[in-house]
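**Student:** Show me the folded form of this:
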Amino acid sequence: MNRIDINPRHCERSEAILRGIASSFLLAMTMAAIVLPSVALAAPNDALLSVYSSRADLRKAFDKSDGYQAAGGSAGFLIDLEDWARQYGWREYKSLSAYAPASTPPSQVGHAAPPKTTASSYVVVDKTTGIVLAASHADTVWPIASLTKLMTTQVVLDAGMKLASVHDVKTVDDVGGAKLYVTSGDTFTLDGLLYATLVGSANNAANAIARATGKSKSSFVDEMNARAAALNLGRTKYVDPTGIETGNVSTARELAVVAGNAFSRPDIKRYTTTAKASINVLSQGTVKTIKNTNWMLWKPQYDDVFVTGGKTGYLDESGWNLAVALRPSAKNEKRELLVVLFGASSRASSFEDADALSSWAWKNFK
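**Tutor:** This is a model prediction of the structure:
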């Protein structure tokens with residue numbers, strides 16, 4: 001059995017300010033809805049296609065064949081035509097009411113500008129409705145580092161293996177970076193390796209669980225990319241399961257879709273809200289204790305936020321990346337935010353940036 005130590009505090013509170021909805025398409029681009037589907041997106045309905053045909057700006061922004069961003073267009077970080085409809089189109093056209101969020105969108109109560117951050121790009125999403133409250137360079141393609149593991153673990157968990165199944169970690173799994181320090185052939189339960197992957201961000205554990213599915217590395221990565229494609233995430237690409245390669249890229253906007261899906265899953269939520277995990281090395285009869293790389297789960301300065309999911313990532317080429325879901329209190333589900341940021345100047349700064357952005361959002365939106 002794996003002994004899991006959940007943070008007892010569990011963090012109890014856990015260049016765009018958007019000044020309301022205007023009637024222009026350009027403003028809609030800065031306050032876009034994020035879509036958190038778990039399956040492939042449906043084709044635009046007839047009403048949306050009709051609006052698309054009547055609007056030259058939409059035809060310029062989105063490709064007619066698939067609704068995705070047109071090359072050289074003006075879509076900004078909007079993912080596709082349906083993304084525009086979910087954020088903005090339903091407000092202007094009654095015929096697009098099917099795209100309206102199920103819950104009332106947040107209303108703006110303050111007009112303070114978002115805080116300055118060390119991050120090169122970020123996006124702040126109201127998780128309940130999918131409305132983006134703030135974004136900066138959110139369409140910039142960036143190396144995502146270990147945020148890659150959010151897709152890796154979804155593929156593994158959907159492969160049908162039992163969490164109690166036993167798998168080894170081999171020398172070939174070690175690609176550098178964070179890792180489990182083991183002897184080649186040491187064995188763990190799949191559950192233990194998932195904790196190592198998402199709590200400790202161990203690259204050799206991520207490779208081991210990908211290998212445990214029985215797929216070749218190329219086939220496994222193909223499935224990761226197929227899932228991104230099914231979500232219409234055209235700027236998201238995977239080349240390995242760990243994130244060690246700089247070819248694993250996304251945008252803050254698109255990574256928020258991946259993270260939103262991941263943190264909505266109870267299994268991944270369990271791993272990513274664990275402050276410290278103790279996992280058994282079955283072949284050795286020993287135990288390894290791993291502390292979460294997400295400081296917002298256990299550092300005292302974040303006692304006033306409640307974290308519901310998170311993953312960190314770092315490469316020299318990317319700086320410090322972070323995806324985190326958080327609330328101002330445990331019971332305040334309707335105020336949950338999803339923050340994704342890339343390229344913070346230090347590990348500490350990534351959490352300080354996320355904390356500042358979430359505090360700003362809670363103060364300025366109701």
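**Student:** The closest residue to L163 other than its chain neighbours: how many residues sit nearby?
**Tutor:** Nearest residue to L163, sequence neighbours excluded (CB to CB, 6 or more residues apart in numbering): D191, at 4.0 Å. Placement of C-beta: from N, CA and C, glycine included. By the criterion of other CB atoms under 10 Å, D191 has 21 neighbours.
**Student:** M161 is in contact with D191, correct?
**Tutor:** No. Contact between D191 and M161 fails when scored by CB atoms under 8 Å: they sit 10.2 Å apart.
**Student:** In the chain, where's the longest helix?
**Tutor:** What stands out as the longest helix in the chain, according to DSSP state H, is helix 347-364.
**Student:** I would like the residues contacting that one, please.
**Tutor:** If you take CB atoms under 8 Å, 6 or more residues apart in numbering as the criterion, helix 347-364 is touched by 14, 17, 108-112, 114-115, 117-119, 122, 124, 126, 133-134, 294-296, 299, 301-302, 305, 312, 314, 320-322, 324, 326, 328, 335, 337, 339, 341, 344.
**Student:** what's the average pLDDT for stretch 124-135?
**Tutor:** Taken as a whole, stretch 124-135 has a mean pLDDT of 93.
**Student:** do the same with stretch 152-163
**Tutor:** 98.
**Student:** One more: stretch 222-241?
**Tutor:** For stretch 222-241, the per-residue pLDDT averages 96.
**Student:** What segments of the stretch 51-200 of the chain are helices?
**Tutor:** 56-61, 81-84, 90-92, 149-157, 190-198 (DSSP state H, counting those that start in this stretch).
**Student:** Select, out of the ones you listed, the one closest to V257.
**Tutor:** For those, the distance to V257 is smallest for helix 81-84, at 9.6 Å, taking CB to CB.
**Student:** and that closest one, what other elements does it pack with?
**Tutor:** Applying 3 or more CB pairs under 8 Å, 6 or more residues apart in numbering; DSSP states H and E, one finds that helix 81-84 contacts helix 46-54, helix 56-61.
**Student:** Does the residue positioned nearest the centre of the chain lie in a helix or a strand, and which?
**Tutor:** Residue closest to the average C-alpha location in the chain (CA atoms, centre = their mean): A259, at 2.2 Å. Under the criterion of DSSP states H and E, A259 resides in helix 252-263.
**Student:** Give me the mean pLDDT for the helix or strand just after that helix.
**Tutor:** Next helix or strand after helix 252-263 toward the C-terminus (DSSP H and E): helix 266-272. Averaged across helix 266-272, the pLDDT comes to 97.
**Student:** for H167, what are its contacts?
**Tutor:** T187, F188, T189, L190, L193, A208, I209, R211, A212.
**Student:** That one and K311, how far apart?
**Tutor:** Relative to K311, H167 is positioned 21 Å away (CB to CB, to the nearest Å).
**Student:** tell me the phi and psi of A230?
**Tutor:** The phi/psi pair for A230 (degrees, to the nearest 10) reads phi -60, psi -20.
**Student:** neighbours of the nearest residue to E254 once chain neighbours are set aside, just the number please.
**Tutor:** Of all residues not flanking E254 in the chain, L233 sits nearest, at 4.4 Å (CB to CB, 6+ apart). Per other CB under 10 Å, the neighbour tally for L233 reads 22.
**Student:** okay but L233 is in contact with F77, surely?
**Tutor:** No. Judged on CB under 8 Å, L233 makes no contact with F77 at a distance of 11.6 Å.
**Student:** Count the residues that sit near the nearest residue to L58 once chain neighbours are set aside.
**Tutor:** Of all residues not flanking L58 in the chain, Y52 sits nearest, at 5.0 Å (CB to CB, 6+ apart). Look at Y52: counted by other CB under 10 Å, it has 19 neighbours.
**Student:** How about T104?
**Tutor:** 11.
**Student:** was I right about it contacting T129?
**Tutor:** Yes. In this structure T104 lies within contact range of T129 using CB under 8 Å: 7.5 Å.
**Student:** beta partners of K288?
**Tutor:** I279 (DSSP bridges).
**Student:** Now for it: which residues touch it?
**Tutor:** L180, A196, S278, I279, V281.
**Student:** check which helix or strand covers W320.
**Tutor:** strand 319-327.
**Student:** Paired strands for that strand, with orientation please.
**Tutor:** Assessed with DSSP bridges, strand 319-327 is paired to strand 306-315 (antiparallel), strand 337-344 (antiparallel).
**Student:** Using CSV, write down the CA coordinates of the first one.
**Tutor:** Written as CSV, here are the backbone C-alpha positions of strand 306-315 (Å, rounded to 0.1, in the frame of the first residue of the first chain):
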residue,chain,number,x,y,z
PHE,A,306,-7.2,25.9,-1.8
VAL,A,307,-5.5,23.9,-4.5
THR,A,308,-7.6,21.4,-6.5
GLY,A,309,-4.9,20.4,-9.0
GLY,A,310,-1.5,21.4,-10.2
LYS,A,311,1.6,20.5,-12.2
THR,A,312,4.9,22.2,-12.5
GLY,A,313,7.5,22.1,-15.3
TYR,A,314,11.0,23.4,-16.0
LEU,A,315,13.6,23.4,-18.7
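**Student:** gap between that strand and the chain center?
**Tutor:** 9 Å (CA atoms, centre = their mean, to the nearest Å).
**Student:** do stretch 334-344 as well
**Tutor:** 8 Å.
**Student:** Could I get the average pLDDT for it?
**Tutor:** 97.
**Student:** Enumerate the positions of stretch 313-324 that are buried.
**Tutor:** G313, Y314, L315, S318, G319, W320, N321, L322, A323, V324 (16 or more other CB atoms under 10 Å).
**Student:** Which members of those residues define the maximum pairwise distance?
**Tutor:** L315 and V324 (18.5 Å).
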